[in-house]
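**Q** Everything below, folded, please.
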Amino acid sequence: MRHLESMAVALAALALYLLFAPPVSGLGDSSEIALVLATNGVAHPTGYPLYTLLGHCFVALLHMLGISWAFAANAWSAVGGAVAVGFLHALGMDLVGATSGTRGAARFVLALLAVVPFALQPVMMDAATTAEINVWSVAWASCAAFVFVRLVGTISTAGRDRSSSLTRATALWGAVCGAGVAHHLTSVLMAGPLSLGLLVALRQQRRLSLRLLLVAGGAALVPLSSYGIIAWRAWHPAVVQWGTLGPGLDKILSHITGSQYRVLLGSFAPAPGNLLGRAIYPLLVPGLALLLWGALRSKGREERIVGWSLFSAAILVAGFTFRYGVPDPEPYFLPPIALGAAAAAPALAALAGARFMNRALRAAGLVVALAATVAIAIPWCREAAGVKREVVDYETLVRSMWATIPSDSAIVFWRDDRAVRLRGYQLLDGEKPALYVVSPDALFADEGRRRFEARFGVDPLRGIEVPRLKPNDPGAEEIGARIVGRLIENVNAGTRLPVIVFDPEVPIVRRLYKPWERTSSHGG
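**A** Residues are numbered from 1 along each chain as shown. Predicted coordinates for the structure are as follows:
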């Protein structure tokens, strides 16, 4: 029955996320992800092959039903958000039942009150309404935590004559861990502590064996085999493929390990105007405190394994994020916040069951909790509606600028990863196929530089020395802008094709004068 209750919560979340999903690609990496899903291509490192493979099937099916590629990709994120919320609610119900013995409607309501603030907070709403990979990281984390709690119970109750149940449980856990790594490498930060907890549980029951470890490893290889697609694409490029991936084991390993992001390790450099103070810390800090409280108050061996494993996983993921220098770290905090939300359910149950809480106080507490939930939900839903309008307005702007570019052959530079949005217009809508659209940043990679020179006979980096800079180094942005300017000048001087600079941030669409055109103009 509780599975049906959590499924109902998941369906409600799906309806909400679809309501706020824009009909066009979102900002950030959304344009790239939508195009990769539509074409079954290869996304930026680490490639996310399992996500892409399943997502391509999903969006292709929706497109066959008449839904646009962009909205279908956003809907794939909405499904991920719904899966995350459903498993999180089920996890909260299990934790309530294990620690307080609460049953029936009370357990459902307590788990719902705990999960709603997480489901509606702005970072989660954004991740679940636009095509991004982050929401499926949360879905995996919620699923892994739910399965982990169930497997600890299975191990604790399995007798000597039920080895088959342990084998199935071990295979399930191996498949879950493999799916996590096939989606995002940071999943090991959560899979590690939870796997250690399962090993401790097996050891305590004297059921740990090499056979079970081999079963888990074999099951993990099934989803991990999806990385073979990345290797195959290195020699058989997709229509849409990240520029650094090419033939060679070194390029394949670099892509699937995300080696280009190592320069970001060891720092924390969120961009100005981030949502950390408003949407992350107010949930992260109490959530970690609740997880620690749950671990400290755990009594039996099973409860202690669950409590300390969940807390350790949340701390590891949060700690890693605080040492990862991406400008938008907010989505990386979502998995530990999700675990904290689940831990809020047994905390509410403990409060409701306290001796000083008579029936009147419990009723008053429920009313206050519901009122607080509504007070949070209304402004956050309004904010999500505003973000949806912003995304649609941005699409309108880009479309209007795109319309001003002639359809003849030309090279269009947009210094942003969102240049792939224009590629989407070409590949999915058949618009202006003669234009060559590229982000200058893609030409700094060896593979992208080689392909460009082979096509146009121009080395975009001729005479340019590119320093090794980290994103947060002093003056890095200004230096990068100057180098990009020189790269564009190289291309403009080396080809007779028109070179157009496209920049919606200004906004501007500008055709560059050729060196000989400027000379002719001055001579006249």
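**Q** What ranges does the stretch 51-200 of the chain have for its helices?
**A** For the stretch 51-200 of the chain, the helices defined by DSSP state H, counting those that start in this stretch occupy 69-100, 104-120, 122-127, 134-157, 163-183, 188-204.
**Q** Indicate which one of the ones you listed is closest to Glu390.
**A** helix 122-127 (10.8 Å; CB to CB). C-beta: built from backbone N, CA, C; applies to glycine.
**Q** Show residues contacting stretch 291-299.
**A** Contact partners of stretch 291-299, identified using CB atoms under 8 Å, 6 or more residues apart in numbering, comprise 95, 99, 304, 306-308, 310-311, 314, 339-340, 343, 346-347.
**Q** can you name the two of those that are farthest apart?
**A** Arg304 and Gly340 (18.5 Å).
**Q** what's around the closest residue to Arg278 other than its chain neighbours, how many residues?
**A** In this structure, Arg278 finds its nearest non-sequential neighbour in Pro122, 7.6 Å apart by CB to CB, 6 or more residues apart in numbering. By the criterion of other CB atoms under 10 Å, Pro122 has 17 neighbours.
**Q** who touches Pro122 in this structure?
**A** 275, 278-279, 380, 383-384, 387.
**Q** quick one: which of Arg304 and Gly340 has more around it?
**A** Between Arg304 and Gly340, Gly340 has the larger neighbour count (other CB under 10 Å), namely 27 against 16.
**Q** residue ranges with poor pLDDT in this structure?
**A** Residue ranges of the chain with pLDDT under 70: 1-2, 98-103, 158-163, 352-359, 361-366, 469-476, 518-524.
**Q** how much space is there between the residue nearest to the spatial centre of it and Pro329?
**A** Centroid check for the chain by CA atoms, centre = their mean gives Asn134 as the closest residue, at 1.1 Å. Separation of Asn134 from Pro329 (CB to CB, to the nearest Å): 11 Å.
**Q** What of Tyr48?
**A** For Tyr48, the distance to Pro329 (CB to CB) stands at 19 Å.
**Q** before we move on, what about Gln204?
**A** Using CB to CB, Gln204 is found at 37 Å from Pro329.
**Q** before we move on, what about Gly92?
**A** The gap separating Gly92 from Pro329 is 26 Å, by CB to CB.
**Q** Ok, Asn74 next?
**A** For Asn74 relative to Pro329 (CB to CB), the value is 22 Å.
**Q** Could you tell me which residues make contact with the closest residue to Trp414 other than its chain neighbours?
**A** With CB to CB, 6+ apart as the criterion, Trp414 has its nearest non-adjacent residue at 4.3 Å, and that residue is Phe502. Listed by CB under 8 Å, 6+ apart, the contact set of Phe502 reads 401-402, 405, 412-414, 419, 422, 508-509.
**Q** Which of the three states applies to Phe502?
**A** strand (DSSP: H, G, I helix; E, B strand; the rest coil).
**Q** give me the beta-bridge partners of it?
**A** Listed beta-bridge partners, Phe502: Val509 (assigned using DSSP bridges).
**Q** ok, now how distant is it from Arg262?
**A** Using CB to CB, we find Phe502 at a distance of 31 Å from Arg262.
**Q** got it, and Thr186?
**A** From Thr186 over to Arg262 (counting by CB to CB), the distance is 13 Å.
**Q** what does Gly457 give?
**A** In terms of CB to CB, Gly457 sits 34 Å off from Arg262.
**Q** Apart from its neighbours in sequence, what residue is nearest Val83?
**A** Ala139 (4.1 Å).
**Q** Now do the one you found against Ala78, distance only.
**A** Separation of Ala139 from Ala78 (CB to CB) stands at 11 Å.
**Q** what's the answer for Ile280, then?
**A** Distance from Ile280 to Ala78, by CB to CB: 21 Å.
**Q** what's the first-to-last distance across stretch 58-73?
**A** Start-to-end span of stretch 58-73 (CA to CA, to the nearest Å) is 8 Å.
**Q** repeat for stretch 130-139
**A** With CA to CA, one end of stretch 130-139 sits 15 Å from the other.
**Q** Pretty sure Phe456 sits against Thr495.
**A** Yes - between Phe456 and Thr495 a contact is recorded at 5.3 Å, counting by CB atoms under 8 Å.
**Q** Now for the two: what residues contact both?
**A** Common neighbours of Phe456 and Thr495, using CB under 8 Å, 6+ apart, are Ile411.
**Q** in the stretch 301-450 of the chain, which spans are strands?
**A** Ranges of strands in the stretch 301-450 of the chain, per DSSP state E, counting those that start in this stretch, are 410-413, 435-438.
**Q** what pairs with the first one, and is each one parallel or antiparallel?
**A** Looking at strand 410-413 with DSSP bridges, its partner strands are strand 435-438 (parallel), strand 499-503 (parallel).
**Q** Counting neighbours, what do you get for Gln241?
**A** Gln241 has 21 neighbours, counted by other CB under 10 Å.
**Q** I'd say it and Val42 touch.
**A** Yes - contact criterion CB under 8 Å: Gln241 and Val42 qualify, at 4.4 Å.
**Q** you'd agree Ser156 is up against Gln205?
**A** Yes - if you go by CB under 8 Å, Ser156 and Gln205 touch, sitting 6.8 Å apart.
**Q** Which residues are in contact with Ala131?
**A** 25-26, 29-31, 33-34, 37, 70, 73-74, 76-77.
**Q** Give me the buried subset of those.
**A** 25-26, 29-31, 33-34, 37, 70, 73-74, 76-77 (16 or more other CB atoms under 10 Å).
**Q** Those residues into a markdown table, with extra columns for distance to Leu296?
**A** Output for those, formatted as a markdown table (distance: CB to CB, whole Å):
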| residue | distance to Leu296 |
| --- | --- |
| Ser25 | 45 |
| Gly26 | 41 |
| Asp29 | 39 |
| Ser30 | 41 |
| Ser31 | 46 |
| Ile33 | 40 |
| Ala34 | 45 |
| Leu37 | 43 |
| Ala70 | 47 |
| Ala73 | 43 |
| Asn74 | 41 |
| Trp76 | 39 |
| Ser77 | 36 |
